[in-house]
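# Generate coordinates for the sequence data below:
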Amino acid sequence: MLSRIGDQANNRQNTTLLLAAQSRSRATQAQISSGKVASTFQGLGTQVDRLVQTKSILQLNLQFQKNNQVTADRLQAMESSVAGLHDVADRFRVLAMQRLTDGVAPAGVLTAEVEHLLQQATADLNLNFSGSYVFAGSRTDRPPVVLDPAFTGFGAADPTYYQGDDLEVSLLADIDLQVDVGMSADREGFQELIGALRTFIEADGIDDQPLLESALGLVNDALPKIADYRAELGRRQSRLDEINTMHGDIQLYLERQVSDIENIDVTEAVTRLAQDQVMLETAMATISRINQLSLADYL
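Numbers count the residues shown, from 1 in each chain. You can find the predicted model right below:
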């Protein structure tokens with residue numbers, strides 16, 4: 001069957017359009033099925049570098065959030081311990097005042113309870129969080145408070161028990177942002193509390209009134225300082241919460257950026273698929289009609 005040269009050209013053009021539409025249709029169907037723009041980096045074209053950089057920043061952001069949350073939990077545990085120390089100091093102050101009030105508490109009666117308060121204070125300062133003694137500076141592998149049985153410095157703060165170091169512990173909470181997170185057990189308020197308790201235990205049995213008064217004076221000095229330490233830890237927690245809130249906002253932004261690069265707009269993809277299917281049907285119908293024509297139809 002003879003055909004015109006023009007019909008052959010149209011046939012080739014429609015065939016090219018048909019093949020292109022088929023290729024696009026298969027690609028779009030794969031995208032709709034997977035929800036992804038491409039199954040490989042190569043399929044993302046010029047967006048690859050942007051995707052890799054965005055994912056890298058996102059990973060760093062998530063690591064900051066994880067580290068900050070662990071540290072916030074640690075600060076919460078420390079704050080609870082310091083709150084316990086304040087309760088110890090507050091209770092001891094009441095006992096010391098009772099002991100110094102004539103007829104309220106005879107000599108030796110309160111010693112056992114104060115010894116228990118000393119044990120509780122020691123345990124609070126020897127807090128172990130996830131395998132680390134958190135009030136020991138950088139020497140987190142050992143308890144920071146070990147009471148010296150040979151201690152004789154009654155009537156003053158006790159500087160002898162501390163086994164940690166003076167290194168200030170900080171956290172890299174964000175790029176170029178260090179946050180102080182450490183608090184050592186040798187702070188003045190803690191030394192005054194330990195000294196007050198040890199002084200009372202020594203003085204109660206021998207009914208040493210001047211030493212008992214010294215113990216009360218020490219705990220009175222310690223109480224506002226310990227309250228300040230607790231507030232300091234609370235401020236640090238709040239600061240980390242603020243930083244992590246910022247990280248969370250950045251995370252959402254970065255995840256949207258990754259999604260925009262990797263994921264397809266399903267509605268738009270379905271529309272493209274429908275358009276390509278219409279083009280396929282049109283091209284196939286046109287090719288079919290052309291193939292049925294012959295030169296004799298024009299003579």
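
# Distance from stretch 187-199 to the middle of the chain?
34 Å (CA atoms, centre = their mean, to the nearest Å).

# I meant stretch 136-151, not that one.
Worked out by CA atoms, centre = their mean, stretch 136-151 lies 29 Å from the chain centre.

# OK, contacts around residue 187?
225, 229 (CB atoms under 8 Å, 6 or more residues apart in numbering). The C-beta positions use only the backbone N, C-alpha and C, and glycine is treated the same way.

# What of residue 210?
The contact partners of residue 210, by CB under 8 Å, 6+ apart, come to residue 155.

# can you pull the pLDDT of it?
The pLDDT attached to residue 210 in the predicted structure is 95.

# tell me which element it falls in.
helix 209-262 (DSSP states H and E).

# now residue 192
Going by DSSP H and E, residue 192 is part of helix 188-206.

# Could you list every helix and strand that that helix packs against?
Here helix 188-206 touches helix 48-100, helix 111-125, helix 209-262, going by 3 or more CB pairs under 8 Å, 6 or more residues apart in numbering; DSSP states H and E.

# Looking at those, spot the one closest to residue 150.
helix 111-125 (16.1 Å; CB to CB).

# So for stretch 50-59, mean pLDDT?
Across stretch 50-59, the average pLDDT comes to 89.

# I meant stretch 81-93, not that one.
On average, stretch 81-93 scores 98.

# quick one: buried residues of that stretch?
By 16 or more other CB atoms under 10 Å, the buried positions in stretch 81-93 come out as 81, 82, 83, 84, 85, 86, 88, 89, 91, 92, 93.

# Give me the contacts around that stretch.
For stretch 81-93, with CB under 8 Å, 6+ apart as the criterion, the contacting residues are 114, 117, 120-121, 124-125, 127, 135, 183, 190, 193, 196-197, 200, 216, 219-220, 222-223, 226-227, 229-230, 233.

# centroid residue for the protein?
Note on the chain: the residue nearest the mean C-alpha position is residue 69, at 2.7 Å, using CA atoms, centre = their mean.

# List the contacts of the residue nearest to it when sequence neighbours are not counted.
Distances taken as CB to CB, 6 or more residues apart in numbering place residue 244 nearest to residue 69, at 6.6 Å, with adjacent residues excluded. Under the criterion of CB under 8 Å, 6+ apart, the contact list for residue 244 reads 64, 65, 68, 69, 72.

# If any of these are buried, give me the ChimeraX selection for them.
The buried residues among these can be selected in ChimeraX (16+ other CB under 10 Å) with this line:
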select :64,65,68,72
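
# In the stretch 51-200 of the chain, where is pLDDT below threshold?
103 (pLDDT under 70).

# ok, 90 please
51-52, 55, 101-109, 168-170, 175-176, 178 (pLDDT under 90).

# Quick check: the gap between the nearest residue to residue 96 once chain neighbours are set aside and residue 140.
Nearest in space to residue 96, with sequence neighbours left out and distances taken as CB to CB, 6+ apart, is residue 216 at 4.2 Å. According to CB to CB, to the nearest Å, residue 216 and residue 140 sit 34 Å apart.

# returning to what we had before: got a quick ChimeraX command for the buried subset of the contacts of stretch 81-93?
To isolate the buried subset of those in ChimeraX, counting by 16+ other CB under 10 Å, use the following:
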select :114,117,120,121,124,125,127,135,183,190,193,196,197,200,216,219,222,223,226,227,229,230,233
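
# quick one: contacts for the residue nearest to residue 138 when sequence neighbours are not counted?
With sequence-adjacent residues excluded and distances taken as CB to CB, 6+ apart, residue 138 is closest to residue 167, at 4.1 Å. Going by CB under 8 Å, 6+ apart, residue 167 touches 137, 138, 182.
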